[in-house]
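>>> Here is my input; please provide its structure:
(4 chains)
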There are 2 protein chains.
Amino acid sequence: MFDQCLYFNTTALARVLEREWTAAFKPFGLTPAQAFMLRVILEKPGSLQSEVAREMTITRSTATRTLDGLQKLKLIERRTGERDGRELEIHPTARALTLREQINSASGEVTKRLKKSLSVPRFEEAVAKVASVRKSLE
Amino acid sequence: MFDQCLYFNTTALARVLEREWTAAFKPFGLTPAQAFMLRVILEKPGSLQSEVAREMTITRSTATRTLDGLQKLKLIERRTGERDGRELEIHPTARALTLREQINSASGEVTKRLKKSLSVPRFEEAVAKVASVRKSLE
DNA sequence: ACTTAATAGTTGTATAGCAAACTAAACCGG
DNA sequence: CCGGTTTAGTTTGCTATACAACTATTAAGT
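As a prediction, this is how the structure comes out:
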């Protein structure tokens, strides 16, 4: 009924992908949102919380909550910025460092599976389209 | 950092679109999920709850909760099926019927705006890609 | 008929997300 | 250096969504 609706199709696809990625990160006890945020932090240790939020295009309040979760799992710690007392630097813990390769490789596996399922060109065209629309609207 | 990631781009786009549609339906006191479900029910009055869920590709429990919301707003009512006592037929109320045109036209407006923003071909290509990927994966 | 399956819907629990209101720190004009 | 403004992060309250466990009803097999 909503075949031509961008919203409907996009949210529906998002739910499907959410399931895939939830399964992929389950072995680590991480949700997709947690895992992606951790990947950002592992990539750029010491990023400010606001930078993490911007990188992921989520609101500050959502970042607060997701980081609370990662902190409870002892995967990150928050350090008060020295120059600016409002800012928080986000650092991965030693435990997080040991997970890094596994998480990245689990991510790679999912992508590989999706590419196989869709064929590489279809996958890449879809990503390109979605990314470009997203960029235009944001 | 996740430019090539289908999950990341899709969920990000979904959030952007969610904002658009939230604003569009706000005048009616409806959330996008509620409004879309109501549109399904107005299109096929008397659908079974399970059919509504399937049409929208959401789980039964999510359908239960969204319908709870619509019922509280007195926009739908549930009627026990006569042939099968487990089933519930979902019927729009008189009040819902009066909203029908307005909701459909608000939807049309958003789509029109997005098409203008992206250009019609880009919009349509994006919808087609997303819909086709979704269909393949689900 | 009786027991066992399957099916429709609900409820409990959990995460993700947003907006708006809030706190605390820093900045800026005079 | 004081008062107003901006900025970083948190809290609160809400919706959407899923999964798993539950109830109630129907269907099926013997």
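
>>> Any chance of the backbone angles for the residue nearest to residue A:131 when sequence neighbours are not counted?
For residue A:131, ignoring the flanking residues on the chain, the nearest one in space by Cβ to Cβ, 6 or more residues apart in numbering or on different chains is residue B:9 at 4.7 Å. C-beta here means a position set from N, CA and C on the backbone, and glycine is covered the same way. Backbone geometry at residue B:9, expressed as degrees, to the nearest 10, gives phi -70, psi -40.

>>> ditto for residue A:91
Here is the backbone geometry of residue A:91 (degrees, to the nearest 10): phi -120, psi 140.

>>> That one against residue A:45, yeah?
Yes: contact criterion Cβ atoms under 8 Å: residue A:91 and residue A:45 qualify, at 5.5 Å.

>>> list residues touching both of the two?
Jointly contacting residue A:91 and residue A:45 under the rule Cβ atoms under 8 Å, 6 or more residues apart in numbering or on different chains is no residue at all.

>>> burial measure for the residue nearest to residue A:131, as a count.
If you count neighbours by other Cβ atoms under 10 Å in any protein chain shown, residue B:9 ends up with 26.

>>> residue contacts, it?
Counting by Cβ under 8 Å, 6+ apart, residue B:9 makes contact with A:127, A:130-131, A:134, B:2-3.

>>> how much space between it and residue A:54?
16 Å (Cβ to Cβ, to the nearest Å).

>>> for the most centrally placed residue in chain A, helix, strand, or coil?
Computing the C-alpha centroid of chain A and ranking residues by Cα atoms, centre = their mean puts residue A:36 first, at 2.6 Å. Look at residue A:36: counting by DSSP: H, G, I helix; E, B strand; the rest coil, its state is helix.

>>> Now do it against DNA strand D, distance only.
Here residue A:36 is placed at a distance of 17 Å from DNA strand D (Cβ to the nearest atom of the strand, to the nearest Å).

>>> same thing with residue A:44?
Counting by Cβ to the nearest atom of the strand, the gap from residue A:44 to DNA strand D is 13 Å.

>>> likewise residue A:138?
According to Cβ to the nearest atom of the strand, residue A:138 and DNA strand D sit 18 Å apart.

>>> Run a quick neighbour tally on that residue.
When counting by other Cβ under 10 Å, one arrives at 11 neighbours for residue A:138.

>>> confidence score at the residue nearest to it when sequence neighbours are not counted?
Spatial nearest neighbour of residue A:138, chain neighbours left out: residue B:16 (5.6 Å); criterion: Cβ to Cβ, 6+ apart. At residue B:16, the model reports a pLDDT of 97.

>>> since we're on residue B:16, how many residues are nearby?
Counted with other Cβ under 10 Å, the neighbours of residue B:16 add up to 18.

>>> swap in residue A:95?
Residues near residue A:95, counting by other Cβ under 10 Å, number 11.

>>> What is the three-state secondary structure of it?
Here residue A:95 is helix, with the state taken from three-state DSSP.

>>> so what's residue A:8 up against?
Residues near residue A:8 by Cβ under 8 Å, 6+ apart: A:2, B:36.

>>> One more: the one 3 residues further on?
The neighbours of residue A:11, taking Cβ under 8 Å, 6+ apart as the test, are B:14, B:17-18.

>>> Within the helices and strands, which one has it?
Using DSSP states H and E, residue A:11 maps to helix A:6-25.

>>> Now do the buried residues in that helix.
Under the neighbour-count criterion of 16 or more other Cβ atoms under 10 Å in any protein chain shown, helix A:6-25 has A:6-18, A:20-21, A:24-25 buried.

>>> just stretch A:108-115 next, same as before
Buried residues in stretch A:108-115, defined by neighbour count with 16+ other Cβ under 10 Å: A:110-111, A:114.
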